[in-house]
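J.: Here's a sequence, model it:
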Amino acid sequence: MIGPDFYKQDTLPARDTRKAIQVPLPEKIGPYKIESLLERGGMSLLYLAVHPETKEPITIKVLFPEYMTNPEMVQRFIREAEIIALADHPNIVKLFGHGKWENGLYIAMEYVNGISLRQYLLRNLISLKRALEIVMEISMALCHLHAHGIIHRDLKPENILISESGAIKVIDFGIAQMLTDVRDSSSEKRLIGTPIYMSPEQRDNPESTSYPSDIYSLGIITYELVLGKLSHGQIHLGIMPRGLQKILSKALQQKPDNRYQDIVDFMTELSDYLNSSAMLKENKEIAPLSDLSESLRQAERSLVPSTPPFWKGIETGMATYRNIGSGYLYYDYFTLPNQGYGIVVGEPSVKGSPAIVYASTLRGMIRALSHLTHSPSELTTALNELLINDSMKQTFTFSCLLLSQDKNHLSFISCQCGSLFLIPAGTSDPIPIEAQDNPPLGLETGLHFTDLTHPWNRGDGLIFYASLHHPALLEGKLFSKEQLQASLEEASSKEPQAQVDSIFRKIKIEIGKSHDDHSIVIFNLFREM
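T.: Reported below is the predicted structural model:
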C-alpha cells in the first residue's frame, strides 16, 4: 500500500530548493532577442523572447549552466527538443528551434498566452460538458504523441496550458520517452514524474512505462476536471456521473493490461458519452452552478468589445487581462458628432458574479448619456445622479477619455480609475497627463467632477489604461514612465496593436508574479498625420 509520504517525494528532475538567484538577463539567446524572465524551473530558465523573422513573442527554455556537466540532464534536454520537433500538432506546444549558445543549450518554443490547467481549475467552475471537451483536446494531443511512439510520462494540470482563446496546449517533454528507446534496467530506480498522476507501474519502475501509463494520468486529470478541484491522490469514482464511471474505472485500472491500450478507444467512449442524452441529463443534475458560471462568462464577454474599433483618422490597439472571480472591469467605445470619439472604463465596488449585473446597468446608462453630453465632467455628473437614484445603490470607479479631432484636443477624467500618457509626434517619450482624481460615482448627490483638457495633434499617441481594484497598480514598479518608454522602443512594430501587445506581455508577467488577482485594460491610440 502506498503511504501518504509517497506523494511528497522529489521527482526527476528534482525540484530546485535553492534560493532564487538573480540571473543577468541576456540580450540574445541564439538568434532570439530576450525581453524578460518568465519563470525559474527546477532545471531550466524560461525567457520571453522575440522571433527575428515574425517579430512574434516566443518562449526560450535554457538549461541551467551547472547541469551542462551532467550527461543525463544534457541528453534529456536535447531529447525534449527532438520530441517537440517530432510532435507537430495544434494541441502541442510548437518548436521554433534549438541549439547551443554561449552559456549552454536552449529550446525556442511557442509562447502561449494563457494559464495552466491547474490555475484554470482552481479559479473557475467548470461544467461537465466543458470538462470533457478539455479532456478530448488533451486526448488528441496524446493520440498524436502515441502515434509517433512518444510517451509523455509527466501529464498533469501544470503541464497543460489553456490560452486566452480557450485552446489546449500540452507542454514540458523533459522526461518524455520514445517507446523505441533502450531501457536501462541496471540503473538505480528513481521516481520520474509527478506522484499523484503516476500510474502504478511508473511508481514501481519508471523505465517500464507505455501508452497506458499516459492514459492513467489522463484519467486522474479527467476525474479532477469533473470533480471541479484537485484530488490530492484521493479517487472516489462513486461520486462521478454514472455514465462516466465505467470509462474512468477502465482508465484507472491498477494493472496496465486492464486499461485502455490505445488512447483512441478512450476517446471513442468518451466522445460517445459526451454526445449522449445521458451526459446532458447528468450535466444538469450535478453542475447547475458550473452551467450558471459558464452563462455568466458568456454574458461577461458580450458586455465589452473584443477588438478595438475602426475610427477614421485614428489607429487603435487594445490589450486586456481579465481574472474571473475578483471583480468586473467594464470598458466601452462610443462615437460622437464631428469625428469625436470616446472610451469609458468603470468598475462596480461589489465583487463576484453580481458585478456583471451592475456593470451591465452602468453600460446602459453610459450608452444613453454618451450622445447627450459634450465633456467627461458633464457625462460623469449626469451618470453620478443616475446611480444615486438607482435602486442598486452601488458605487463605481470610473474614467472617461474624449477625443476631438476637429478641435485638436482631448478631455480626460479619472474617478479613481484610469491613467493616461501622451506620446508626442516623432518621439517615444511618454508624458503623464495628470488629471485631478475625483471621488467614485454613486456616493452622494451634487458632487463636483473636474476633467482636464490637453492638446492632441496629428502624429500624437496615447496610452490609456485602467486596473481593477488598484488604480495605482501600474504607476509604480510595474508601469513607470521609463518602462513604458522602453516597451515602446522595443516594440517590433510601430503599429498600435503591436506596441500595446509588447507593453502588455511584460506587464502580465509581473502581474502573474505578484498581482494575479487583478484585471487590466490598455488602449493605444495614434492620431494619423
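J.: Not counting residues beside it along the chain, what's closest to the residue most central in space within the chain?
T.: For the chain, the residue nearest the mean C-alpha position is G114 (2.5 Å; CA atoms, centre = their mean). Distance criterion CB to CB, 6 or more residues apart in numbering; nearest residue to G114, sequence neighbours excluded, is S163 at 3.9 Å. Every C-beta, even on glycine, is put in place using the N, C-alpha and C of the backbone.
J.: do V226 as well
T.: Closest to V226 by CB to CB, 6+ apart is A131, at 5.0 Å.
J.: so after the host helix or strand of that neighbour, what's the next helix or strand?
T.: Element membership for A131 (DSSP states H and E) is helix 128-147. Under the assignment DSSP H and E, the closest C-terminal helix or strand after helix 128-147 is strand 150-151.
J.: And the next helix or strand along the chain from that following strand, what does it pack against?
T.: As assigned by DSSP H and E, the chain's next helix or strand after strand 150-151 is strand 160-163. Strand 160-163 makes packing contacts with strand 114-116, helix 117-123, strand 168-170 when contacts are defined by 3 or more CB pairs under 8 Å, 6 or more residues apart in numbering; DSSP states H and E.
J.: beta partners of G340?
T.: In this structure, G340 bridges to L336, S404 when assessed by DSSP bridges.
J.: show me the contacts for it.
T.: 402-406 (CB atoms under 8 Å, 6 or more residues apart in numbering).
J.: Neighbour-wise, which one of the residues you listed leads?
T.: Across the contacts of G340, the neighbour count under other CB atoms under 10 Å reaches its highest value at L402, namely 25 neighbours.
J.: Provide a list of residues in contact with the residue nearest to V226.
T.: 222, 225-226.
J.: just S428 next, same as before
T.: With the criterion set at CB under 8 Å, 6+ apart, S428 makes contact with 485, 488-489.
J.: Show me where the stretch 251-400 of the chain has its strands.
T.: In the stretch 251-400 of the chain, the segments counted as strands under DSSP state E, counting those that start in this stretch are 314-321, 330-336, 340-348, 396-404.
J.: Just the CA atoms of the last one, as CSV, please.
T.: C-alpha atoms of strand 396-404 as CSV (Å, rounded to 0.1, in the frame of the first residue of the first chain):
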residue,chain,number,x,y,z
PHE,A,396,-18.3,52.8,-9.2
THR,A,397,-14.7,53.9,-10.0
PHE,A,398,-14.8,55.4,-13.5
SER,A,399,-12.8,57.2,-16.1
CYS,A,400,-13.6,58.7,-19.5
LEU,A,401,-11.4,59.9,-22.4
LEU,A,402,-13.0,62.0,-25.2
LEU,A,403,-11.1,62.8,-28.4
SER,A,404,-11.9,65.7,-30.6
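J.: Could you tell me the angle between the helix or strand following it and strand 340-348?
T.: Scanning forward in sequence from strand 396-404 by DSSP H and E, the next helix or strand is strand 409-415. Between the axes of strand 409-415 and strand 340-348, defined by axes from the mean of the first three to the mean of the last three CA atoms, to 10 degrees, the angle is 10 degrees.
J.: quick one: buried residues of strand 409-415?
T.: If you call a residue buried by 16 or more other CB atoms under 10 Å, then strand 409-415 has these buried ones: 410-415.
J.: Closest to M240 out of those?
T.: C415 (49.0 Å; CB to CB).
J.: Give me the contacts around stretch 386-396.
T.: By CB under 8 Å, 6+ apart, stretch 386-396 touches 346-350, 358, 361-362, 365, 369, 415, 440-445.
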